[in-house]
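In: I need the structure of the sequence given here:
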Amino acid sequence: MISASRRDPSRGRLILVHPLLVRLTHWVNAIAMVCMVMSGWGIYDATPLFGFSFPRWATLGGWLGGSIAWHLAAMWLLVGNGLIYIGYGLISRHFQRSFLPLRPMDIWGDFIAALRFRLAHKTGVYNSVQRLLYIAVLLLGVMAVATGLMLWKPVQFQTLAGLVGGYEVARRLHFVAMSGIVGFTVVHLALVMLVPRTLPSMITGRAREHASETAS
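Out: Below is the predicted model of the structure:
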C-alpha cells in the first residue's frame, strides 16, 4: 500500500512504497533463490539434461549429496517464505493493488514505450510490463515447486508427474521454470542498475515522489 508519510516541499513527498513484510520476504526470497539455483546446478551437473554443464564455481554443495542437502534446505525456506508472502498478498490485497489490472493493450503500449525509452514512471506504481513479469515469475515459482516435488518424491507424486508427461518431462519443466526465474532475476538486476534509486526503497520502504507526481 502506498501512503504519505511526511512532506518536504523542496524534495517532494516521502511515501511508503514497500511495506515491511514485503521487504522482508523479498530479501529472504533472494537468499533462498540463490541457494536453490546454485545447488540445483550442482544436481544438474551430476546428470546433465543437455550438452553442457555449469562451472563448478557456480554450484553449491561440492558434490551431489551436498547439493541435494542445500537444495532441500533452501526449498523449505523458499516455500515457507512464499506462503507468507502469498498469504499477505491475498489478505492485504497487495496483489490486487500492485499487479492488477492487467490488460493486453496496456502491456503492448508500455512495451512499445519502453523500447522507445519513453515509458512514464510513477514512484511506487508498476507499469503493465512489470506487472506481467511479476505475475509470470510467481507462476514459474509454483511450477518449480510442483515439478520439484515430482522429482524429489517420484513414487508419492507419480500421479501428478503423470499429468505432465512423466518424470523426464517433469525434469525438463523444472529446468524451464528455473531458467525463467534466472532470466527474470537478470532483467530485474539490470533494471536496478539502470535505475538505482529504486534500490533504497526496498531497504527502507520509502521513496520520494518527483515534484510533477506530487503536483498531479
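In: Just the helices from this structure, written as ranges.
Out: Using DSSP state H, the helices of the chain run over residues 20-46, 64-91, 94-99, 104-115, 128-152, 158-164, 167-194, 198-204, 211-215.
In: Lowest average pLDDT across those helices?
Out: Lowest mean pLDDT of those: helix 211-215, a mean of 50.
In: Just give the number of residues close to G205.
Out: 16 (other CB atoms under 10 Å). Every residue, glycine included, has its C-beta placed from N, CA and C.
In: same thing with the one 4 residues further on?
Out: For E209, the count of nearby residues is 21 (other CB under 10 Å).
In: which residue packs closest to Y134, ignoring adjacent ones?
Out: Residue nearest to Y134 in three dimensions, not counting chain neighbours: F99, with 5.8 Å by CB to CB, 6 or more residues apart in numbering.
In: same thing with C35?
Out: Counting by CB to CB, 6+ apart, A74 is the residue found nearest to C35 once chain neighbours are left out, at 3.8 Å.
In: Equivalent analysis for W70, please.
Out: Using CB to CB, 6+ apart, the closest residue to W70 is S39 (3.8 Å).
In: any idea how far the residue nearest the centre of the chain is from G42?
Out: Most central in the chain under CA atoms, centre = their mean is V137, positioned 5.2 Å from the mean C-alpha point. When distance is defined by CB to CB, to the nearest Å, V137 is 23 Å away from G42.
In: ok, now S179?
Out: Taken as CB to CB, the span from S179 to G42 is 16 Å.
In: Could you report the neighbour count for the residue nearest to Y134?
Out: 18.
In: mind listing what it touches?
Out: 126, 131, 134-135 (CB atoms under 8 Å, 6 or more residues apart in numbering).
In: before we move on, what about L133?
Out: 184, 187.
In: same deal with the one 10 residues further on?
Out: For M143, the set of contacting residues under the criterion of CB under 8 Å, 6+ apart consists of 173, 176-177.
In: Tell me the buried residues within the residues you listed.
Out: 173, 177 (16 or more other CB atoms under 10 Å).
In: May I ask you to confirm that G148 is in contact with L72?
Out: No. Here G148 does not reach L72: they are 9.5 Å apart, not a contact under CB atoms under 8 Å.
In: More neighbours: the two, which one.
Out: G148 (23 against 13).
In: Save the helices of the chain as JSON lines, and put in distance to F54 too.
Out: Listed next are the helices of the chain as JSON lines, based on distance: least, CB to CB, whole Å:
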{"stretch": "helix 20-46", "distance to F54": "4"}
{"stretch": "helix 64-91", "distance to F54": "11"}
{"stretch": "helix 94-99", "distance to F54": "32"}
{"stretch": "helix 104-115", "distance to F54": "31"}
{"stretch": "helix 128-152", "distance to F54": "17"}
{"stretch": "helix 158-164", "distance to F54": "24"}
{"stretch": "helix 167-194", "distance to F54": "11"}
{"stretch": "helix 198-204", "distance to F54": "28"}
{"stretch": "helix 211-215", "distance to F54": "43"}
